[in-house]
Each structure stands twice: as C-alpha cells, then as structure tokens.
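# show me how the following folds:
(chains A and B)
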Protein chains: 2
Amino acid sequence: MKPSTAGFAFHIDATCGQARAGRLTTPHGEIETPTFMPVGTQGSVKTLAPEEVAATGAKIVLGNAYHLWIRPGAALIEAHGGLHRFCKWPHAMLTDSGGFQAFSLAKICKESEDGFTFRSHLDGRAMHLSPEVAMQVQGQLGADIAMQLDVCPPAGASIDTLHQAVERTTRWAKRCLVAKKPQQALFGIVQGGTSIELRREHGAMLSELPFDGLALGGFSVGEPIPHMHEAMTESAVFLDPERPRYLMGVGTPQDLLVAVAAGVDMFDCVLPTRNARNGQAILRSGRVVIKHARYKEDQNPLDPMCACPCCSSGYSRAYLRHLYFAREILALRLLSVHNLWVFGQLMREARHAIRLGQWDTFRITWSTSGKDDPP
Amino acid sequence: MKPSTAGFAFHIDATCGQARAGRLTTPHGEIETPTFMPVGTQGSVKTLAPEEVAATGAKIVLGNAYHLWIRPGAALIEAHGGLHRFCKWPHAMLTDSGGFQAFSLAKICKESEDGFTFRSHLDGRAMHLSPEVAMQVQGQLGADIAMQLDVCPPAGASIDTLHQAVERTTRWAKRCLVAKKPQQALFGIVQGGTSIELRREHGAMLSELPFDGLALGGFSVGEPIPHMHEAMTESAVFLDPERPRYLMGVGTPQDLLVAVAAGVDMFDCVLPTRNARNGQAILRSGRVVIKHARYKEDQNPLDPMCACPCCSSGYSRAYLRHLYFAREILALRLLSVHNLWVFGQLMREARHAIRLGQWDTFRITWSTSGKDDPP
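Numbers count the residues shown, from 1 in each chain, chains lettered A, B, ... in the order given. Here you go, the predicted structure:
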C-alpha cells in the first residue's frame, strides 16, 4: 500500500550498489538525499541560528515532540502557526514521537498497550503518550514529517523483549496511521535490535503499510558498533526501496558511510553539536580535541581545507582553545557550525559520488580512523 | 602638549550645546562619535561573532588586558599578530589597562607606587602590574588605543584616598607616556570620585599631557546615580575639548544621554550583553524581562520598530522566553545582539541629532523611564 500524503514525493535519481541518491519533496522544499538532519530538540539546533544551520547544507532539521510537548507546550506552538514559524526555520522539519524520551528521560515511565504513562522530567506532572496523543502533538507542532510512536528496547534486550517490541510497534503503527493529520507525512519505525531475522520481518511488515517513509530505530543504544553496522546493513534492504529510509539517532561519519552504502537516505544525530559543546571538532581525518595542550599555540584553523564559517574565517585552534577554556559561548558556536558543516559536506560528497557512480572511490577518501588529534 | 601618534586624529564636525558629533581616525578605520564600544573582555564580545557585533553599528570594541594577559597570555596573542587577528576583529580596538580588574578580581592585591602586586584569580600565580608592564602587555595585544594604568577608588572613598588616587594616577600617566608603544594611541584617565573640584584639577592636569584622548574613570562604582550624573556632567568640560573624551564602564541608555549632553564621545559597558544573559531586553521604552509570565504566549517581537536581527527575523517573545527557560544559547545570542543594536541605534540617532542641531528634541524621544515590562 503506497502513501499518498499531498505534497510529498521521493525519487531516486541514481544508485551505486545499494547506495542511492535522490530527492525528497516536502511542503517546505526539496531535500537531496542522502541527507543529515541536525537535531533541534527544543526548537533550536543548539548554539546556532536557523540561517547558520541551513548554510551547513541542512535543509531539514529534527524537533522533539516529547520536549516541546512538555515545554513550551504543543498548543502554544500551534498558536504561533506551528514549529516552523515558532523557530523561524523555513525549510523542512521532522519530529520524533517522544516515545524514546518518555522512556529514557521521564520519571517512573510505565509502558502498556496504550502507550507510555510517565511523569515529566521537568515538573513531575503525570502525562500519557499513546499513539493517538503522539499524532495529535506532532500534528500541532506541524512538522512536514511525523514519526510513529514505537517501543525501543535497550541493547542486550532478550529476543522475547525484542519480539514484543516489534509486535507492539506494529500495532501502534496502524493506530498512528489512523490518527495522523492528513497533510502530515508519517514514517514507520522498524525495531528488532541486532536480530536480522526480526528486522527483516518487521521491515517487510511495515513496508506493507502506507507510510511515507520507513525508519530504522533502536540502533546506537549501546550495542557493539560492528553488530550495529552489520544489522543496519542487513536491515536496510528489507525496507521498501521506493520510500525514503531513515536511520534514527546515528552517528559518526563512519556510521553514516556504512549506512549510505546500505541504502539509507536520512540521518539525524546529536553527535556533531554535542561533541562540539564538549570541545571536539570533527575532521575528515579524525577529531581535534581542542582542550589538548598541543593546540595551545596552534595558529592553524581546524582544517585549512574546510569551507565552514569557522575555518574560512581563519579562527586559529589556539583561539578556539582559549575561548573554550574561558567558557566563551563563541567557542561552542564555532565548533558546532564546523561539525555540522563537516556532516553536510560528507552528505554533499556522498550524493555527488553516487550520482557519478564513484561511491567506492569516494568512500575511501574519508578516513574511517576517527582517531583523536590526527597529525 | 598635543598628541602625535601616527594614524590617529579626532575631528569635531558639529556641536549642540556641549554635545559633539565627530570622527575618530584610527589605523583600523574611522569611528563616528559619540560611539559605544561593546566589551570583549576575553577576546570575544560574549555570545557574538565579530561580524554580528559590527552589524550593530560598533566599529570599535574593548578588550581587557588583565584577562588576556592571564589567559591566554600576551605573548601568544602577539605571536598571532595581535588581538585584532587573534579575534578576527577587523575594526578598531581599545584595551583597558587591567588595573581595575587586578584590584577587583585578583586575590590579595597590594597597591604600591610601582603598581599592583596580586595573585591571578585563575591559578594564584604572583603577578605584578606596573605602568610599564601595562604598556608592555597592551603593546603586545596591539589594540589601536591603550589605556594608562590608574588607581580607581571605590564609591565612598575619603577625600584623602581620592586625592592620593589622583596623584598616583598622574605619576603613572607620565610613566605610561614614556613606556608606551609609539604606534599605539594612549588615553589618560581622570579620577576624583564625585568630587568636582578634584575632577577639575585632574582633568586640567592630564589635559596638559600628550594623551591621544582623555577618559573619565571611577564612575559607576557604586555611587548614587544622581551624584554620578552631576559629577560626570561637571567633569567632562574640564577635559581638553579637542581630544576624544571617553566615559569608562557606563552605563544605561539614560546614563549615555546624560554623558553625550555633557560632551562625552566614547563609552563602554557590559550592561547590554550582561543584561541579555540575564534575560533582559532593552527597549526605547524600558526593559522586557523575558522570564516574566506575561510573555508566555506573546507572539510579538521584542520591539516591532527595531531593525536588529532578532526583531527583524520576527522571533516572538514567547519563543525567546521558551529558549531562555530551556537554557538554549540562542536566547542569549538573540538578546545580546538586540541590546547591542539598541545601543548602536542610540548612538546613531544621537550623532544624527547633533549634526542636525536637534539634540534637545531627540533626547526626549528616548524614554528615560527605564522601567521593566513597559506596556
């Protein structure tokens, strides 16, 4: 059953092995895929203004329904005309359902067939997040794309737990499809941990439903990285190839390369912005940990080949290190914009390579060492 | 004795009562006066990038020799080619001497005829700041304008203490003039607390020395505001009218209006950026305290008449309030740029009014209420 949300379309322009380059059309513009979505949990991609985020190449960002529902409230955002207008983000937007946050952040969260009952991590008030509430809240936020409510088991969960999560997620998928706002796209979420068999079953099952896209959830929750890479590679191919595939909450540039090779089209992760706030700059060749003494007098930019506002303005590593230790906010901004730019650049180059049929050559030009303080 | 630092000049184009509109020429460009200098204590105007600061109308910023000397060190900044290059600030720059900070921030500060001996507030190491060291450090930082080392007594100091401060400041003034870097402009600092007699004497005395400009120090240190207004008004006229007059560390828009009327040309203050970080937006009509519940659902910008990036982008008060409570850095950025813009706008309008001979009319168009949460 194919989706039919008005204003949405997905076209694949080129493939290279399993890797695909395409275009996702939304009411807020067309997005070239593969694409990385910066995370704006609370209505702001941390430290940055919307125009700075867009300049990194991001034409879609992620908001978080759990956080925004609790504060400032979905009705307030709806009264502003939706999250786009509230945040002044003119491009596309996706919201996560909040299930993962209710489970991981909230106090005393209880899961039942009807959803999650929990107390807000901010003020302790009792809240209930059902598939229908998830659709209502996300409908009020008004992102282009909403995510179904799902059950995301932790790493190391038993096969029984994974089975139950998959089954409940499927039942919630159907309820979300019924309850969703008609003009909002909805993606289903495949669970199954690192069990390839479960992932295959669930992927096939959700591909039967009229979702506008299909996501892989439940990765990067603590499982060993090689297991994650294997399971996501094996899982992606079971998702209907005609719809966009979204790998949730992953990851490093190396993770993204593995996933693009497996046919994933969309990503989100807090890594570039969170690492920035911890003083880590991501480079093609590894990571610059700006706190390290070796940068004390280093007059070089983070990466002389990088075109981001931080590197192209010529801010030296010594200056960034000084700002970081002096607790100047500008340090966090400059590292954040640099890291998002690197992720944007990775996606730009990946798209280009796939279109040229040069994915394999391209892939080895991005170091997969990920080591700190490369020479 | 007139100053002769190469590359510097000051011209008064128009006067209106004591108020003056002019142009200060520096090696990093011409600055229209009256002008407000945003404070970049540690090599960054807090939360903002240089191009954002310049866009508010500021073409000169202030750095702090005490802070930068302690961290990252004057030699490191000199090795970068000076503070302009270190911070990527292309316009003019002034550094404070560090005397005030040594006295107010450092541990166990001892004042003697040779300067301040103290322990760094960061790591406790013993340091000594003499007039010659102040010139050396500021020479290494390489700002366009350096400030002499001075003695700044607290509010309520006895007349004897004020006398001694004035006399020592004069002796240090002469030592600084001898020790200064030839290509750097140097301003003298008039002390005297709220004693108009002392201010007059000291102003006349320093006007005899070949400083490139003359500053009023020791205001806004805790004295009642009407006393400050009276003393600065009475003091400014004793400073050689042919040189730029700089009122240090002051203040609110109302303080600036009083001082411009008294013939002051330059200002610096942390107020616009510090108040922003405390959630206060400065408006022509008062202050918006963004935390207040009345803004919870307010879809209006801070000031619909304001052309700053925050107001002109249409960010609502409700959004700013949300960001502030969510501890999102973007709140601090948007409030900071707004407040600096308001100060820039005040200076632009003041210059224009003086040139048109309409200072008195202009002055009453800026509310002096300063009240919170205007209707």
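
# which other residues reach stretch A:119-130?
A:66, A:69-71, A:97-99, A:102, A:105-108, A:114-118, A:149, A:175 (C-beta atoms under 8 Å, 6 or more residues apart in numbering or on different chains). (Glycine included, C-beta is placed from N, CA and C.)

# near chain B, from these?
A:Arg71 (C-beta under 8 Å from any C-beta of the partner chain).

# in strands, which of the contacts of stretch A:119-130 fall?
A:Lys107, A:Ile108, A:Gly115, A:Phe116, A:Thr117, A:Phe118 (DSSP state E).

# tell me where the stretch 201-350 of chain A is predicted with low confidence.
Under the criterion pLDDT under 70, no range of the stretch 201-350 of chain A is flagged.

# re the thing from before, selection in PyMOL covering whichever of the contacts of stretch A:119-130 are buried, please.
In PyMOL, a selection of the buried entries from the contacts of stretch A:119-130 looks like this (16 or more other C-beta atoms under 10 Å in any protein chain shown):
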select buried, chain A and resi 66+69+70+97+98+99+102+105+106+115+116+117+118+149+175
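
# what sits against the residue most central in space within chain A?
Taking C-alpha atoms, centre = their mean, the centroid of chain A lies closest to A:Asp268, which sits 1.4 Å from it. Contact analysis of A:Asp268 by C-beta under 8 Å, 6+ apart lists A:Phe36, A:Met37, A:Pro38, A:Val39, A:Leu62, A:Leu94, A:Tyr246, A:Met248, A:Gly249.

# 10 Å instead?
By C-beta atoms under 10 Å, 6 or more residues apart in numbering or on different chains, the residues touching A:Asp268 are A:35-40, A:60-62, A:94, A:96, A:215, A:246-251.

# for A:Val133, same thing?
A:Ala65, A:Trp69, A:Ala74, A:Ser97, A:Gly98, A:Asp114, A:Gly115, A:Phe116, A:Met127, A:Leu149, A:Ala179.

# farthest pair in those?
Taking C-beta to C-beta, the two most distant members of the contacts of A:Val133 are A:Ala74 and A:Asp114; they sit 19.2 Å apart.

# before we move on, the earlier item: as CSV, the ones in strands among the contacts of stretch A:119-130 with pLDDT would be great.
Below are the ones in strands among the contacts of stretch A:119-130 laid out as CSV (pLDDT from 0 to 100):
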residue, pLDDT
A:Lys107, 74
A:Ile108, 84
A:Gly115, 96
A:Phe116, 95
A:Thr117, 95
A:Phe118, 93
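
# quick one: the helices in the stretch 1-150 of chain A?
Along the stretch 1-150 of chain A, counting by DSSP state H, counting those that start in this stretch, helices occupy A:50-55, A:65-70, A:74-79, A:83-87, A:99-104, A:131-141.

# for the record, mean pLDDT for the fifth one?
In this case it means helix A:99-104. The average pLDDT within helix A:99-104 is 85.

# name the helices or strands packed onto it?
Judged by 3 or more C-beta pairs under 10 Å, 6 or more residues apart in numbering or on different chains; DSSP states H and E, the packing partners of helix A:99-104 are helix A:65-70, strand A:107-112, strand A:115-119, strand A:126-129, helix A:131-141.

# quick check: residues of the stretch 251-375 of chain A near chain B?
A:277, A:296-297, A:299, A:309-310, A:313-316, A:318-319, A:321-323, A:325-334, A:336-337 (C-beta under 10 Å from any C-beta of the partner chain).

# dump the residue contacts of the closest residue to A:Thr233 other than its chain neighbours.
What sits nearest to A:Thr233 in space, not counting adjacent residues and going by C-beta to C-beta, 6 or more residues apart in numbering or on different chains, is A:Ala262, at 4.2 Å. Residues in contact with A:Ala262 (C-beta under 10 Å, 6+ apart) are A:17-19, A:216, A:229-230, A:232-237, A:245, A:247.

# what's the answer for A:Leu162, then?
A:Val151, A:Pro153, A:Gln191, A:Gly192, A:Gly193, A:Thr194, A:Ser195, A:Leu198, A:Arg199, A:His202, A:Gly218.

# just to revisit the earlier point, would you mind checking the residues of the stretch 251-375 of chain A next to chain B for buried ones?
A:277, A:297, A:299, A:309-310, A:315-316, A:318-319, A:321-323, A:325-326, A:328-334, A:336-337.

# can you give me the buried ones in stretch A:282-301?
A:282-284, A:286-290, A:295, A:297-299, A:301.

# from B:Ile145, how far off is the single nearest residue of the stretch 101-250 of chain A relative to chain B?
Nearest residue of the stretch 101-250 of chain A to chain B: A:Leu122, at 9.4 Å (C-beta to the nearest C-beta). Separation of A:Leu122 from B:Ile145 (C-beta to C-beta, to the nearest Å): 48 Å.
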